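Novice: the sequence and its predicted three-dimensional model are supplied below.
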Amino acid sequence: MSESRTPAQIEADIVRRRGQLAETLDEIGVRVHPKTIVGDAKAKVVSTVDQTAGRAFVKVNRTIAGVRASFVGADGGPRLERLVPVALVTVGVVGLLVVSTRRRRA
């Protein structure tokens, strides 16, 4: 059965729906406002940069820990069997760079 409504009920329903429509339009207006769009874009960029920087930080720390573990023993002392060859190669490379720079200048 269909329920009959009074004109006052219909008018109250119309007023309520107008209020809901006004709220919806206000929300849409805020969402499409240029400042809101720019603010959302900035927040997204900042979030992406923070995540990328965080991942990079973790990777760098893992790499450093791995390199450190290669050159430092469990007791905290240097592992000379690995440090000495690396030091010799480093000195050789620097020496070659110095010699080649001096030859270019001469």
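Specialist: Arrived safely, thanks for sending. All figures in this text were calculated on a predicted structure; none of them were measured in a lab.

Novice: so which helix or strand takes in Thr52?
Specialist: Assigning secondary structure by DSSP states H and E places Thr52 in helix 34-71.

Novice: helices and strands around that helix, which ones?
Specialist: helix 80-105 (3 or more C-beta pairs under 8 Å, 6 or more residues apart in numbering; DSSP states H and E). To be clear about C-beta, it is placed using only N, CA and C from the backbone, and glycine gets the same treatment.

Novice: output the contacting helices and strands for the helix it packs on.
Specialist: Looks like helix 80-105 contacts helix 34-71 (3+ C-beta pairs under 8 Å, 6+ apart).

Novice: for Val72, grab the count of nearby residues.
Specialist: Other residues within reach of Val72, judged by other C-beta atoms under 10 Å, total 14.

Novice: look up how far Gly66 lies from it.
Specialist: Distance of Val72 to Gly66, given as C-beta to C-beta, to the nearest Å: 11 Å.

Novice: now Arg16
Specialist: With distances defined as C-beta to C-beta, the gap from Arg16 to Gly66 amounts to 65 Å.

Novice: and Arg31, by the same measure?
Specialist: The gap separating Arg31 from Gly66 is 47 Å, by C-beta to C-beta.

Novice: give me the angle between the least confident helix or strand in the chain by mean pLDDT and helix 34-71.
Specialist: Per-element confidence for the chain was summarised using mean pLDDT, DSSP states H and E. The lowest value among helices and strands belongs to helix 80-105, with a mean of 92. Angular relation of helix 80-105 and helix 34-71 on a 0 to 180 degree scale: 110 degrees, by axes from the mean of the first three to the mean of the last three C-alpha atoms, to 10 degrees.

Novice: how far off centre is helix 80-105?
Specialist: 38 Å (C-alpha atoms, centre = their mean, to the nearest Å).

Novice: just the buried residues of that helix, please?
Specialist: Neighbour-count burial for helix 80-105, with 16 or more other C-beta atoms under 10 Å as criterion, is recorded at no position.

Novice: then stretch 57-67?
Specialist: By 16+ other C-beta under 10 Å, stretch 57-67 has no buried positions at all.

Novice: if anything else comes up later, I'll come back, but that's it for now.
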